[in-house]
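**Student:** Just the structure for this:
(2 chains)
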Amino acid sequence: MLDTKLIQNDFEIVCEKLRKKKVGEEIIENLRTISLELKSNRALLEPLQAEQNASSKLFGAWAKEGKDINELKAKLSANKQKISELTKIVKNLEEKLSNIALGIPNLPDIDVPNGEDENDNVEIKKVLTPPTFDFTPKEHWEISDNLIDFERGVKLSKSRFSVLKNRAAKLERALINYMLDFNTKRGFSEVAVPYIVNRETLTGTGQLPKFEDDLFKIEGEELFLIPTAEVPVTNLFRDEIITETELPIKMTSYTACFRKEAGSAGRDTRGMIRQHQFDKVELVCIAKPDQSDRVFDEMVECASDLLTSLGLAHRHLMLCGGDLGFGAAKTIDLEVWFPGQNRYREISSISNTRDFQARRAKIRYKDGKKNRLVNTLNGSSLAVGRTMIAIMENYQRADGSFNIPEVLKNYM
RNA sequence: AGAGAGGUGUCCGAGUGGUUUAAGGAGCACGCUUGGAAAGCGUGUGUGGGGCAACUCACCGAGGGUUCGAAUCCCUUCCUCUCUGCCA
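**Tutor:** Below is the predicted model of the structure:
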């Protein structure tokens, strides 16, 4: 959520920044109008409430002394009417305001490049060189004939579900353990969290109210399957005031993730790239505003080094404004090389949301006497399924089998 | 799932219609004291909004209602605990 004071006072700057994210000015204008209207109505309401409070106190005293209270009572009744009318107006405006405010995306950082979509993302650097083959490299589903069972995944559930067998199942498990250990050594403490969360939790991180269609909802309950560990882990601190000395808090968490992939019909239907259920090891950090850039770099480095340690060639991309997610002020994607597809594909996405989620989720820290909003950051380290198929493709041999990276051998 | 009890600030906890303007305690911060610390004493200390400020409004799980006035009474709902049932 954006700071309504910022919208009231620096309207032009907010519009300018949101243009990068392709948000129309009418929405911001509307938000500003309502917030100003709310402010003026509150200014009318509050003196009435003050009077009501004071007079009601008098009422008690007078009644005790046996004074005549009929006139006072009439006055207070009339005042009560006015208060209830104004309260209705104020409540209504508050609701309107929050409905609009919760649907407006975060402002991008100044160094975020302009651009329409993923084609305008800016490559920052490449790490490692893609391997060369003396045969035509295959795609992962050609390599993994007996290891990933797509047909039975569909039988059990529906399309975009799969079953891992034997060495693939074991590799998946090895990767989760390896990733968690790697992150823990970098100072991220491990947490295990629920996979089913409520509406408040999803509103805190920004998935709701706007993106309900992307979520699996539990029938008959106000509960949803998590689309990423970012949701429960960030919300660990919802409605809390953190002691300043505890910051930054750096966490890592393995969870399954569930996404409807509502908008991606027809994309990546073949193979394991885009599934309704997938495993991911996530990094989540809570930091003071002046720490968050440093923490962001640490997270990018952690995920990138993890890929390097697995011998996987990858590149860093700075997302342009048009491709930036709803809550992100700044995002760096890591894309790993897939020889079978002959291209780089996303395997990690690291974002700084600044105080966008913190304002929604009311995550604050004590700065001397003042409570201030923290910055929250999240990033994958890494998407496990995609890492597994990247290993299959990059370590494949001519006979259709594949090797296991050296660092994983102790985990297999 | 059924029955009972309960949800008050960072924590514990008092509070069944009118100085609650949320007591008291712990913790925390600062000061005094001390060679230093502890203890002791003093002061400060909930959240959110408006205002340069004095100050002011709202908030006692959430949402409605009754009343001139609600933490307190009524309704709805969520959650926690205990017992019973079920279950890995």
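**Student:** can you list the residues of the stretch 301-412 of chain A near RNA strand B?
**Tutor:** A:362, A:364, A:371 (Cβ under 7 Å from any atom of the strand). For every residue, glycine as well, the C-beta is placed using N, CA and C.
**Student:** Next: the stretch 101-250 of chain A.
**Tutor:** Contact residues, the stretch 101-250 of chain A versus RNA strand B (Cβ under 7 Å from any atom of the strand): A:I241.
**Student:** what are the ranges of the helices in the stretch 101-250 of chain A?
**Tutor:** A:140-143, A:150-156, A:166-185, A:199-205, A:230-235 (DSSP state H, counting those that start in this stretch).
**Student:** Would you mind finding the most buried of these?
**Tutor:** helix A:230-235 (a mean of 27; mean count of other Cβ atoms under 10 Å).
**Student:** which SSE is A:D399 in?
**Tutor:** A:D399 is part of no helix or strand when elements are defined by DSSP states H and E.
**Student:** try A:V90
**Tutor:** Short version: A:V90 belongs to helix A:70-101, going by DSSP H and E.
**Student:** circling back: any chance of the helices of the stretch 101-250 of chain A in CSV with mean pLDDT as columns?
**Tutor:** Formatted as CSV, the helices of the stretch 101-250 of chain A follow (pLDDT from 0 to 100):
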stretch, mean pLDDT
helix A:140-143, 90
helix A:150-156, 92
helix A:166-185, 96
helix A:199-205, 91
helix A:230-235, 94
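**Student:** Can you check which of the ones you listed gets nearest to A:N92?
**Tutor:** A:N92 lies closest to helix A:199-205 among the helices of the stretch 101-250 of chain A, at 20.1 Å (Cβ to Cβ).
**Student:** how close does A:I148 get to RNA strand B?
**Tutor:** For A:I148, the distance to RNA strand B equals 28 Å [Cβ to the nearest atom of the strand, to the nearest Å].
**Student:** If you could redo that for A:D134, that was the one I meant.
**Tutor:** 51 Å.
**Student:** Relative to A:I104, how far out is A:R259?
**Tutor:** Applying Cβ to Cβ, to the nearest Å, the value for A:R259 to A:I104 is 23 Å.
**Student:** The residue in the stretch 251-400 of chain A that RNA strand B sits nearest to: what's it in contact with?
**Tutor:** Going by Cβ to the nearest atom of the strand, RNA strand B is nearest to A:N371 of the stretch 251-400 of chain A, at 3.8 Å. Shown in contact with A:N371 (Cβ atoms under 8 Å, 6 or more residues apart in numbering): A:241, A:364-365.
**Student:** Wait, a strand at it?
**Tutor:** Yes. Looking at A:N371 with DSSP: H, G, I helix; E, B strand; the rest coil, it is inside a strand.
**Student:** and A:Y344, bridged to which residues?
**Tutor:** Using DSSP bridges, the bridge partners assigned to A:Y344 are A:W337.
**Student:** Surely it and A:L312 touch.
**Tutor:** No. In this structure A:Y344 lies outside contact range of A:L312 using Cβ atoms under 8 Å: 10.6 Å.
**Student:** neighbour count winner among the two?
**Tutor:** Neighbours per residue (other Cβ atoms under 10 Å) separate A:Y344 from A:L312, with A:L312 holding more: 25 against 19.
**Student:** For the more buried one, grab phi and psi.
**Tutor:** A:L312 adopts backbone torsions of phi -100, psi 120, taken as degrees, to the nearest 10.
**Student:** pLDDT below threshold where in the stretch 1-150 of chain A?
**Tutor:** Low-confidence segments of the stretch 1-150 of chain A (pLDDT under 70): A:64, A:66.
**Student:** follow-up on the earlier one: I'd like to know which of the contacts of A:N371 are buried.
**Tutor:** Buried members of those, scored by 16 or more other Cβ atoms under 10 Å, are A:364-365.
**Student:** outside of stretch A:304-312, which residues touch it?
**Tutor:** A:127-128, A:179, A:182-183, A:314, A:316, A:334, A:336-337, A:347-348, A:381-382, A:387, A:390-391, A:394-395, A:405-408.
**Student:** Tell me who's in contact with the residue nearest the centre of chain A.
**Tutor:** For chain A, the residue nearest the mean C-alpha position is A:T205 (5.2 Å; Cα atoms, centre = their mean). Applying Cβ under 8 Å, 6+ apart, we find A:T205 in contact with A:230-231, A:234-235, A:327, A:357, A:360-361.
**Student:** Much appreciated, bye for now.
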